[in-house]
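Visitor: Generate a structure from the sequence data that follows.
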Amino acid sequence: MSAAIELDDVCCDFGNFRAVDHVSVHIQPGEFFSFLGPSGCGKTTILRMISGFTDPSAGVIRIGGKDMAGQRPNQRPTALIFQNLALFPLMPVWENIAFGLEVRGVDKARRRARAEELLALVELPGAGDKMVSQLSGGQKQRVAIARALAVEPSVMLLDEPLSALDLKLRQAMRAELRAIQKRTGVTFVFITHDQGEALAMSDRVGVMSHGKLQQVANPRDIYNNPANGFVASFVGENNILTGEVQNPSEGMASFATPHGIFRARLGSTAGPVKLYVRPEHMRLSNVAEAENSVPVTITDVAFEGNFISVHAKSATGMGFAAELRNDGSSTVPETGTQMHMSFDATRAAILPDESARSVDA
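Guide: Just a heads-up that it's a prediction; the model follows:
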C-alpha cells in the first residue's frame, strides 16, 4: 500500500520566524522523494508536519487525498524513522519490530510471524532473537525500517537516518533503502543534507533554502539543469563567474566578466545572475581554444581516487577548478605550469544568483 502526499501552499511559523514558506508539492504514490537542503532550511519541519507532530500555520496537507488537519500522528497512515533510530535495547530484535503490533493488541504468535516476514524482507533472516546491542549499525537501520513497516504504513518518513553511519556503510545502506522501497511499494519521504544520498536514491528531489522549495525534479535534471544559483552551488561544485549578460538569443548569451567574455546557456535573468560551470566540464590544454578559454597557472593538483582535482588561477587572480578522470586519458599538469582552462558553452549556465544563508528551523 502507498499513498500520495500533497502539500498545498503550506507555511509554518515559530513566533516571528517562518520556517516553511508557501511550499507546494505533490508526491506520487510509491515514489521515493527526498527533501534536500542545508541545516535550517525547513526540511525537517516539513517532515514533522506530514507526520502530525507539528501543525502548519497555513495551507493544507493531504495524504491519500484526505486532509490531515486535526489528525494526530497515530491517526495518520505514516511511520517515522528518526535519526537516532530509537530502538529498545532491552527487547530482542523481533519484539522491537513487533512493538507497534503489540500496542494494537495483535497476539504473540501473529506478531512473531510478522516480525520474521519483515526480517526476511530487510535481509536479516534468523536475527529475531538477537539483542539490539549485537547488531551492526547497518543491521540496526534495517531493524528500524522493519519496525516501521510492521504497522503497514502508506507513507514512510525518514529523518536523516544514515547520517550517523560511516561512509562505506552509508553508501551500502543507500542501496538497501532503495531496494526495500521498491520491494514494498510504500511512498518514501527522505530528509537529507547529503546531495549524494538524494541523487542516488530518489525518483525526485526537492531542493530547499530559507524555507522555500527552490526546485523539484529528477536527480539528473537537478544536477544538469539547476533552476538557480543556489541549486547549482548546493548540488555539486562549480566555477562561478560574476558579470553581465550580452546578446541573448535562442537560449544562449554572452557573459562579460573581468576574465573575458564567455558563451553559455541562458536561464532566468530575473535579478542578478552569475555564470556556473562544473569542474568536470572544464578542459585543460596548452593552447587557447576558440571560445570560453582562460589562461591560468596551475596552483595545486590533488589525487582523489577516481578523479584528479586541479586548481588554478587566472592573471586576474580568479580561482578555477577542473576535475580530470583518473583513467589514464588525461595528462596531469605540474604545479606552476601555464595552461588554458576551457569549457563548452552548452555545459555552462547563466543563472539567478540565489545566495544561501544559515537559519535555524
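Visitor: shaky segments in the stretch 201-350 of the chain?
Guide: Of all residues in the stretch 201-350 of the chain, none has pLDDT under 70.
Visitor: For it, which segments count as strands?
Guide: 204-209, 212-217, 239-242, 244-249, 252-257, 260-266, 273-277, 283-285, 293-303, 307-314, 319-325, 338-342, 348-352 (DSSP state E, counting those that start in this stretch).
Visitor: Could I get those strands in CSV, plus columns for distance to Gly40 and mean neighbour count?
Guide: (C-beta placed from N, C-alpha, C; glycine too.) Formatted as CSV, the strands of the stretch 201-350 of the chain follow (distance: least, Cβ to Cβ, whole Å; neighbours: other Cβ atoms under 10 Å):
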stretch, distance to Gly40, mean neighbour count
strand 204-209, 10, 25
strand 212-217, 13, 20
strand 239-242, 22, 18
strand 244-249, 32, 12
strand 252-257, 32, 18
strand 260-266, 31, 19
strand 273-277, 23, 24
strand 283-285, 37, 16
strand 293-303, 30, 16
strand 307-314, 29, 18
strand 319-325, 27, 18
strand 338-342, 35, 18
strand 348-352, 21, 23
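Visitor: a markdown table for those, including distance to Arg178?
Guide: Output for the strands of the stretch 201-350 of the chain, formatted as a markdown table (distance: least, Cβ to Cβ, whole Å):
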| stretch | distance to Arg178 |
| --- | --- |
| strand 204-209 | 14 |
| strand 212-217 | 18 |
| strand 239-242 | 32 |
| strand 244-249 | 40 |
| strand 252-257 | 37 |
| strand 260-266 | 31 |
| strand 273-277 | 29 |
| strand 283-285 | 34 |
| strand 293-303 | 30 |
| strand 307-314 | 24 |
| strand 319-325 | 26 |
| strand 338-342 | 37 |
| strand 348-352 | 29 |
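Visitor: how about those strands, which one is nearest Ser34?
Guide: Taking Cβ to Cβ, strand 204-209 is the member of the strands of the stretch 201-350 of the chain nearest to Ser34, at 5.0 Å.
Visitor: Specify the local secondary structure of the most centrally placed residue in the chain.
Guide: Nearest residue to the geometric centre of the chain (Cα atoms, centre = their mean): Ala198, 3.2 Å. The assignment at Ala198 comes out as helix when based on DSSP: H, G, I helix; E, B strand; the rest coil.
Visitor: just Arg147 next, same as before
Guide: Assignment for Arg147 (three-state DSSP): helix.
Visitor: thought it was touching Gly100?
Guide: Yes. Counting by Cβ atoms under 8 Å, Arg147 does reach Gly100; the two are 6.8 Å apart.
Visitor: Have a look at those two and say which one is more surrounded.
Guide: Arg147 (26 against 19; other Cβ atoms under 10 Å).
Visitor: which residues sit in contact with the spatially closest residue to the more buried one that is not a sequence neighbour?
Guide: Among residues not flanking Arg147 along the chain, Ile97 sits closest, at 4.8 Å (Cβ to Cβ, 6 or more residues apart in numbering). The contact partners of Ile97, by Cβ atoms under 8 Å, 6 or more residues apart in numbering, come to 114-115, 118-119, 128, 143, 146-147, 150.
Visitor: mind checking which of the strands of the stretch 201-350 of the chain is nearest Asn228?
Guide: So among those, strand 348-352 is nearest, using Cβ to Cβ, at 4.4 Å.
Visitor: Need the contact partners of the closest one.
Guide: So strand 348-352 is contacted by 225-229, 232, 245, 253, 255, 262-277, 281, 292 (Cβ under 8 Å, 6+ apart).
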